[in-house]
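# Quick check, what structure comes out for this input:
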Amino acid sequence: PRVGSSGALSPLGNGERAPLLFAGGESPHAASSPRSGGSSSRSQSPNASEDGGTPRWIRKAQEQTGGKFAFGFTLACVAGVFYGTNFNPPQRLIDEATRGDKSHSIHALDYVFSHFCGIFFATLLYFIVYCGVKQSRGRKPQLPPCVLPAFGSGLMWGIAQICWFVANERLSFSVSFPIITSVPGLVGALWGVLVFGEIKGRDNITLLVASGVMRLVAVGLIAASKEGVPSRL
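Residues are numbered from 1 along each chain as shown. This next block holds a predicted model:
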């Protein structure tokens with residue numbers, strides 16, 4: 001439909017995050033000046049990190065990948081690949097069921113349990129590897145501070161993932177993915193501005209607002225494409 005292609009293929013659909021590339025926080029070197037005694041503070045704490053306690057392996061990876069931006073960009077790309085393909089296995093089984101394979105179900109919610117089990121065992125494997133690496137280096141895993149937040153985050157994620165299964169079944173991937181991936185970005189941007197102060201300055205806030213408006217318009221066009229638009233359009 002014409003409305004759907006307008007939301008997915010126009011700059012409003014694919015370029016909704018472009019202004020965020022030019023929005024950023026204050027420079028990390030702006031806070032320190034020759035009079036601020038930055039060198040003396042580092043000499044007082046030889047074990048302290050210049051990045052506010054950034055783990056050593058992250059600093060090493062940042063150096064190897066050319067700095068914080070390249071390191072973060074690489075991690076974002078890897079996360080995006082997993083994020084965009086995590087529904088492919090159950091969807092393939094659903095597609096086979098619609099073609100007449102009676103060994104699979106056509107209902108998306110029937111795949112939630114197996115999907116979550118796979119994610120749980122994969123996460124457990126990662127955690128075991130993490131604990132093994134820590135123990136081999138003579139360090140204890142950071143269990144007390146991270147377990148409860150991880151369970152809380154996993155609970156919220158699980159509820160959202162179930163809702164996403166339903167959205168995929170009712171709306172199709174082409175509609176559900178743009179909506180579900182766009183709106184949380186707005187929420188994350190608000191957290192970055194209001195809580196963490198990552199984006200500051202009038203110009204950066206203006207770019208952020210412009211990006212949010214374009215994103216909402218794109219989501220509206222994509223959602224409208226599902227509202228019985230005649231196929232001849």
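# Quick check: buried residues in the longest helix seen in the chain?
In the chain, with assignment by DSSP state H, the single longest helix is helix 143-171. Residues of helix 143-171 classed as buried: 161, 164-165, 167-168, 171 (neighbour count, 16 or more other CB atoms under 10 Å). (Each C-beta comes from the backbone N, C-alpha and C, glycine too.)
# Looking at those, which is nearest S114?
F165 (11.7 Å; CB to CB).
# Identify the residue spatially nearest to that closest one, adjacent ones excluded.
A108 (4.3 Å; CB to CB, 6 or more residues apart in numbering).
# average model confidence for the host helix or strand of G185?
Assigned by DSSP states H and E, G185 belongs to helix 173-194. Per-residue pLDDT over helix 173-194 has a mean of 82.
# ranges for the strands of this structure?
Here the chain has no strands by DSSP state E.
# Okay, now the unreliable bits of it?
Residue ranges of the chain with pLDDT under 70: 1-55, 57-59, 61-67, 143-144, 226-233.
# go with 50
Applying pLDDT under 50 to the chain flags residues 1-16, 18-19, 21-22, 26-49, 229-233.
# List of residues touching stretch 156-167?
Stretch 156-167 has contacts (CB atoms under 8 Å, 6 or more residues apart in numbering) with 87, 90, 108-109, 111-112, 115-116, 176, 179-180.
# can we see that at 6 Å?
108-109, 112, 176, 180 (CB atoms under 6 Å, 6 or more residues apart in numbering).
# Show me which of those is closest to V78.
I180 (19.7 Å).
# what's the most distant pair in the buried residues of helix 143-171?
Among the buried residues of helix 143-171, Q161 and L171 lie farthest apart (CB to CB), at 15.4 Å.
# Tell me how far C77 lies from D203.
To D203, C77 is 27 Å away according to CB to CB, to the nearest Å.
# ditto for W164
35 Å.
# and if you look at G192?
G192 sits at a distance of 16 Å from D203 (criterion: CB to CB).
# Give me the more crowded residue out of the two.
Using other CB atoms under 10 Å, the more surrounded residue of G192 and D203 is G192, with 16 against 10.
# I'd guessed the more buried one sits against E198; true?
Yes. Using CB atoms under 6 Å, G192 makes contact with E198 at a distance of 4.0 Å.
# Tell me which stretches of the chain form helices.
For the chain, the helices defined by DSSP H cover 2-9, 11-14, 38-44, 56-64, 68-85, 88-98, 112-136, 143-171, 173-194, 202-224.
# buried stuff in the last one?
Applying a neighbour-count criterion of 16+ other CB under 10 Å, one finds 204, 207-208, 211-212, 214-215, 217-219, 221-224 buried in helix 202-224.
# Closest one of those residues to R99?
Nearest to R99 among these, with distances taken as CB to CB, is I222, at 26.9 Å.
# I am finished for the moment; much appreciated.
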